[in-house]
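S.K.: Sequence and predicted structure are below.
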Amino acid sequence: MHHGIKKLVLLGAGQAHLQVLARLARHHPGNLDVILLTPFPHHTGHGCLPGFVTGQHTADEGRVALEPLVRAARARWLQGRCTGLDATAQQVQITPTGGAQGVPTTLGYDLLSIDIGTQPDRPWLDATMPGATHHALHLHPVEAFIALWPQVMAMAQKQAVSLAVVGAGADGIELVFAAAQGIREHGLPGSRFTLISGGEDIGPDLPAGVRQRVLAQLRHQGITVLREACVGMSEGEVLLGNGARLACDVPLLTMGMRPAAWLQGSGLALNDTGQVLVGPQLQSTSHAQVFATGGVSAQLDGTPGDMHAGTVLAYNLLAAHEGAPLRTLPSKRQRVALLACGTGHAIASWGPLCVGGRWVWEWKDRIDRGFLELHRVTRG
Ligand SMILES: Cc1cc2nc3c(=O)[nH]c(=O)nc-3n(C[C@H](O)[C@H](O)[C@H](O)COP(=O)(O)OP(=O)(O)OC[C@H]3O[C@@H](n4cnc5c(N)ncnc54)[C@H](O)[C@@H]3O)c2cc1C
């Protein structure tokens, strides 16, 4: 490395890192070498996933190619997965992906930013839901889900299927609506759809008004809700906590996610669920040269990592490099939350207030596609 040149390593291509790259495209300090380490050549917008499942658009329309963005930011892309981190030595370990050649096995950094989301917790799944690791179609990683979904559609074009989404968070809810719509529109008639919510109600984090609207939509669209835990899976069956067995051709698993296990040995301060602990400036509470955002992180007070924190992250990474003061995340503002119930209906909530309708869906669609478009125009 040339004298005075500092290395910033970005782990993962989540939404926030797209914003970091976009900012670097506008202002890239001459003495900063930026490397993006991520396994796939694109960012997948999770908001666009239901549109892909319904067949409304292709997988590529819900993605942003990283290469043009990386080039515009005058950064470098290493195709690989981080498989270890030593926060004291300031070094990450890398496993190349996609047949990439010439990728180093370790990489040192002066500044590190982690935006790698979460992944299925296989040991937990094996203990609480035996068979799920093998029999379920996992929503994550979404790239694998996107590659496999066309096979579900092909099956539904040959026979009526029983599809059950296990996990009724916002992602599970959006997925069951999208799957029902896509299969009804493009498959044989007679398929059945179930949302398995565990012991609790659907969307435990959703405001009560949204939950009621979602339940009304589920009823309206003929989707069954089972408030039972899924305790196992076998070929063609989902086992429920009450002892019942649900015949199921496609068990779609959206729950059981946690941060990468290798973070445990990194030396970074983590919370009980293994998330990187950060302060309100997105800086690790234990290592000042490490920043983190999105699902892999959480604040000390329990505030979950925010995938929308890209603007502050981008500013702070450059400020940390330049030795300037860092910005604090805006105090918890009430944000409008948008939830799609298939393409054609969505629910917007702001605190306890909520509305639903086609216009809300069109609004959500414009926002999701707009974010991706914004980062496509940086092609340089
Ligand atoms: C259909 C759907 C609906 C949803 N609805 C909502 C909602 O209404 N509200 C809400 O809050 N959330 C919702 N979510 C969840 C939300 O989208 C995710 O929490 C969010 O995308 C997580 O963002 P992230 O930046 O943490 O990670 P991601 O967007 O998952 O990005 C992680 C990136 O890191 C890369 N990566 C992973 N592991 C490694 C590694 N070891 N090394 C290098 N790179 C790696 C990945 O390839 C990817 O590029 C929904 C999700 C889905 C799928």
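M.R.: That came in fine, so what should we check first?

S.K.: for the residue in the stretch 101-250 of the chain that the ligand sits nearest to, what are its contacts?
M.R.: Nearest residue of the stretch 101-250 of the chain to the ligand, counting by Cβ to the nearest ligand atom: G117, 2.7 Å away. All C-beta atoms are positioned from the backbone trio N, CA, C, and that covers glycine. With contact set as Cβ atoms under 8 Å, 6 or more residues apart in numbering, G117 has these partners: G12, G14, H140, G294, G295, V296.

S.K.: How is it assigned, secondary-structure-wise?
M.R.: The local conformation at G117, judged by DSSP: H, G, I helix; E, B strand; the rest coil, is coil.

S.K.: which ones are touching the residue of the stretch 151-300 of the chain found nearest the ligand?
M.R.: Closest approach of the stretch 151-300 of the chain to the ligand (Cβ to the nearest ligand atom) occurs at G294, with a separation of 2.4 Å. When the contact criterion is Cβ under 8 Å, 6+ apart, the partners of G294 are G12, G14, Q15, A16, D115, I116, G117, G305, D306, M307, A309.

S.K.: Make JSON lines from the residues you listed and add secondary structure and pLDDT to it.
M.R.: What follows is the contacts of G294, written out as JSON lines (DSSP: H, G, I helix; E, B strand; the rest coil; pLDDT from 0 to 100):
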{"residue": "G12", "secondary structure": "coil", "pLDDT": "98"}
{"residue": "G14", "secondary structure": "coil", "pLDDT": "94"}
{"residue": "Q15", "secondary structure": "helix", "pLDDT": "93"}
{"residue": "A16", "secondary structure": "helix", "pLDDT": "96"}
{"residue": "D115", "secondary structure": "coil", "pLDDT": "97"}
{"residue": "I116", "secondary structure": "coil", "pLDDT": "97"}
{"residue": "G117", "secondary structure": "coil", "pLDDT": "96"}
{"residue": "G305", "secondary structure": "coil", "pLDDT": "76"}
{"residue": "D306", "secondary structure": "coil", "pLDDT": "75"}
{"residue": "M307", "secondary structure": "coil", "pLDDT": "67"}
{"residue": "A309", "secondary structure": "coil", "pLDDT": "91"}
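
S.K.: Just give me the closest of those to G198.
M.R.: The shortest separation between G198 and any of the contacts of G294 is 21.5 Å, and it belongs to G117 (by Cβ to Cβ).

S.K.: which residue packs closest to the closest one, ignoring adjacent ones?
M.R.: When the adjacent residues along the chain are set aside, G117 lies closest to G295, with 4.7 Å between them (Cβ to Cβ, 6 or more residues apart in numbering).

S.K.: And the ligand, is stretch 60-72 touching that?
M.R.: No - judged by Cβ under 6 Å from any ligand atom, stretch 60-72 stays clear of the ligand, getting no closer than 8.6 Å.
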